[in-house]
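J.: could you look at this predicted model? Sequence included:
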Amino acid sequence: MKTLIRLFVITLGLIAFAASSAWAEGLTIPNTFTAGTKAVASKVNANFSAVAAALPMVWASTDETLGGQAVSASGRVVTNSLSINVPSDGFLVISGSAFVNNYEPATVTYTVNPLLDGSDVTASAYVMATFTLLTSPPNMGGNSYTITVPVTAGAHTVEQEVGPFSGTADFFYNGYSLTVVFFPGSQGTYTPLSSWAVEALPGESIESETGE
C-alpha cells in the first residue's frame, strides 16, 4: 500500500463549493501593492500565507498490487487508513472503492464504508456503497462512494472498511482505494440532509446493523 500526497484540479464539478468563482470569493488578500512602491517582505509573505490557507489538501491510499486478502468468518475489515491534519474548520470530501469475492454458500450483502475518527461517516453504513453478491463459487462485485462531511481543525483519522453489512462471512477483497480532500470552511457551506431515505432493491430487505 502506498500513500500519496498531492494537489490536483477538480474538473468534474464534484463539489459546488470548490468552483473557481467560490474560491475567489472566499479568498481575502491582506495587502495590495501599487506601481512604484516597495514590496515589504512581511506583507508579501502574508499574502502567500492567505493563498496557502485557502488551498485544498489531498491525501490518498491505494492498493497498487491488487493481491488482495482472503478472510474467514470475518466482519468488516479496515482496508485503508489516512492520518490527516487540517489547519482550520472546513469540509472533507471522502471517496473510496473496493472489490469483494463472496465465498459464502449464501447470498451476502457487503458494504464499503468510510470512518472518521473511528465512527461511521453516516448514521448507517447501509447508505454507503452497499451491494449484494450471490452464493459461491466466488461471485465478485464492488462499489464506490463520495460523501462530504464537516470537520474541525486538527488531527483526524479517515479509514475505509469493507465486509458484510451485518454478521460475518468468508470473502476476499482487493482493489481498495481511499481519497480525502480538505477544503477550508471559508470556501463554501455545508448543508446536511435532514434524513436518509433508504429504499430496498427488488427482492431485497433492509436490515439494521444489528440484524434487526
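T.: Nice, I can see it. It should be emphasised that the depicted structure is a prediction, and the values quoted were computed from it without experimental measurement. Numbers count the residues shown, from 1 in each chain.

J.: can you give me the mean pLDDT across the lengthiest strand in the chain?
T.: Longest strand of the chain, by residue count under DSSP state E: strand 169-184. For strand 169-184, mean pLDDT rounds to 94.

J.: ok, and what's touching the lengthiest helix in the chain?
T.: In the chain, taking DSSP state H as the definition, the longest helix is helix 41-54. Helix 41-54 is contacted from outside by 23, 26-31, 33, 87-88, 184, 186-187, using C-beta atoms under 8 Å, 6 or more residues apart in numbering. Yep, even glycine has a C-beta here, placed from its N, CA and C like the rest.

J.: where is pLDDT lowest across the residues you listed?
T.: Trp23 (50).

J.: ok so, going back, any chance of the contacts of helix 41-54 in a markdown table, plus distance to Ser49?
T.: A markdown table is the format used below for the contacts of helix 41-54 (distance: C-beta to C-beta, whole Å):
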| residue | distance to Ser49 |
| --- | --- |
| Trp23 | 16 |
| Gly26 | 15 |
| Leu27 | 12 |
| Thr28 | 12 |
| Ile29 | 10 |
| Pro30 | 9 |
| Asn31 | 11 |
| Phe33 | 16 |
| Pro87 | 11 |
| Ser88 | 12 |
| Pro184 | 13 |
| Ser186 | 14 |
| Gln187 | 16 |
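
J.: surely Asp117 meets Ala155?
T.: No. Asp117 is not in contact with Ala155 according to C-beta atoms under 8 Å; the separation is 9.3 Å.

J.: got the angle for the longest helix of the chain vs strand 169-184?
T.: Interaxial angle, helix 41-54 versus strand 169-184 (axes from the mean of the first three to the mean of the last three C-alpha atoms, to 10 degrees): 150 degrees.

J.: I'd like the next helix or strand past helix 41-54.
T.: strand 57-62 (DSSP states H and E).

J.: elements contacting that following strand?
T.: Packed against strand 57-62 by the contact rule (3 or more C-beta pairs under 8 Å, 6 or more residues apart in numbering; DSSP states H and E) you find strand 2-4, strand 77-86, strand 169-184.

J.: how about the strands of this structure, start to end?
T.: 2-4, 57-62, 69-74, 77-86, 90-102, 108-116, 119-120, 129-133, 139-151, 154-164, 169-184.

J.: output those as TSV; include the columns distance to Asn47 and mean neighbour count.
T.: Formatted as TSV, these follow (distance: least, C-beta to C-beta, whole Å; neighbours: other C-beta atoms under 10 Å):
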stretch	distance to Asn47	mean neighbour count
strand 2-4	29	11
strand 57-62	19	18
strand 69-74	49	12
strand 77-86	22	17
strand 90-102	21	22
strand 108-116	33	23
strand 119-120	38	11
strand 129-133	42	19
strand 139-151	26	16
strand 154-164	26	20
strand 169-184	16	21
